Every structure is written in structure tokens, then in C-alpha cells.
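> how would this look folded up:
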Amino acid sequence: MAGLVLTLAGPAARADAKTLRIPVTSFDVAPESDRNPCEYVALGNDEAMDIRKFEVRTPRNHLHHILLYAYRGENRDPALYTKALVDGEACAAIGPPAIAGHTLGLLGAVRARTYTLPAGYAVSIGPRQPVAIHMHAFNAS
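Just a heads-up that it's a prediction; the model follows:
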């Protein structure tokens, strides 16, 4: 799935609103099959952000869903970040050993499009926020 990009944006009404692009590792899905890849990365924001809008773009295959989980624990060892996609059941073992007890569902989406949170709501992320990105894509051709 070449070019899957997540764009996180702060409040649009603010002049200092920032945009954070998260390029997700490209992957293909074989015809008449599906795939459940994931990766564990640090976001590129140097400061904390409140997310009000996010966009999911994917040019090929069909994205069934994408989920982002923020890791809220203390272990920020960069060696734990995945260097490539991990598939299927291996996704349960990405990140720090205690990730399951220290994650918070951050954002979720079905299909590629732009999602805007209701007025007065935002999702807060910390600087260089570690996230686990879980995806499900299929290719019906």
C-alpha cells in the first residue's frame, strides 16, 4: 500500500496550528487476500499537540481500518521502534515489553478520508509520542 499517510492537525482556528505527517511504511496486499501489518514509531512532533482533525490517505488497495495507540509508559528506548512492518500475531509483541498495560487508544479510522473531531474535543499527544500503528487492508481483485 504505497503512500499511506496520516496527517494530524491541531485546531484550524488557531494561527499557530501545526500539521504532523506520519508516513507509514508502504506495503502491498496480494489479490483476493488481506493483511494486518503494524509498526511502532515515534511521532515527529517536538512539542505536545492537541489533535482536532486527521486525514488518512491511501492510493491503492482498500484500507479497512487503522488504529493508533499511544504508549504512555516510561520506556523510550529507540531500539524498540520497528524498522519495518510486522504482520499478524507479531503485532502483539511490538514496542516495550509492558506496552499492553500502558497504551491509550489514540485515533481510529475506517477508510481513507478526513476526520474532524466534534467542537470542544481534541486528542492530546506528547512530544515525540511513541505510537503503535495497526492496520487492516484488503485487495478484492
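
> can you pull out the strands in the protein?
5-9, 19-23, 33-35, 37-42, 49-51, 53-57, 62-71, 86-87, 103-109, 113-116, 123-125, 130-139 (DSSP state E).

> can you list the strands that the third one pairs with?
Same thing as strand 33-35. strand 130-139 (antiparallel) (DSSP bridges).

> mind checking the pLDDT average for the strand it pairs with?
Here strand 130-139 scores 89 as its mean pLDDT.

> tell me what angle that strand forms with strand 103-109.
Between strand 130-139 and strand 103-109, the angle comes out at 40 degrees (axes from the mean of the first three to the mean of the last three Cα atoms, to 10 degrees).

> ok so, going back, between the strands of the chain, which gets nearest to Gly95?
Closest to Gly95 of the strands of the chain is strand 37-42 (Cβ to Cβ; 4.3 Å). For glycine as for every other residue, the C-beta is placed from the backbone atoms N, C-alpha and C.

> give me the residues contacting the closest one.
Here strand 37-42 makes contact (Cβ atoms under 8 Å, 6 or more residues apart in numbering) with 22, 24-25, 27, 71, 76, 78, 80-82, 84-87, 90-91, 94-95, 99, 128-135, 137.

> flag every buried residue along it.
37-41 (16 or more other Cβ atoms under 10 Å).

> ok so, going back, buried subset of the contacts of strand 37-42?
Here, 16+ other Cβ under 10 Å leaves 22, 24-25, 27, 71, 80, 82, 85-86, 91, 94-95, 99, 129-135, 137 buried among the contacts of strand 37-42.

> tally of neighbours for the closest residue to Asn139 other than its chain neighbours?
Nearest-residue entry for Asn139: Val29, 4.0 Å, with adjacent residues in sequence omitted and distances by Cβ to Cβ, 6 or more residues apart in numbering. Residues contacting Val29 under the criterion other Cβ atoms under 10 Å number 20.

> pretty sure Val29 is touching Ala137, no?
Yes - using Cβ atoms under 8 Å, Val29 makes contact with Ala137 at a distance of 5.1 Å.

> what residues does stretch 66-86 touch?
For stretch 66-86, the external contacting residues (Cβ under 8 Å, 6+ apart) are 4, 6, 25, 27, 37-42, 56, 93-99, 101-109, 125-126, 129-136.
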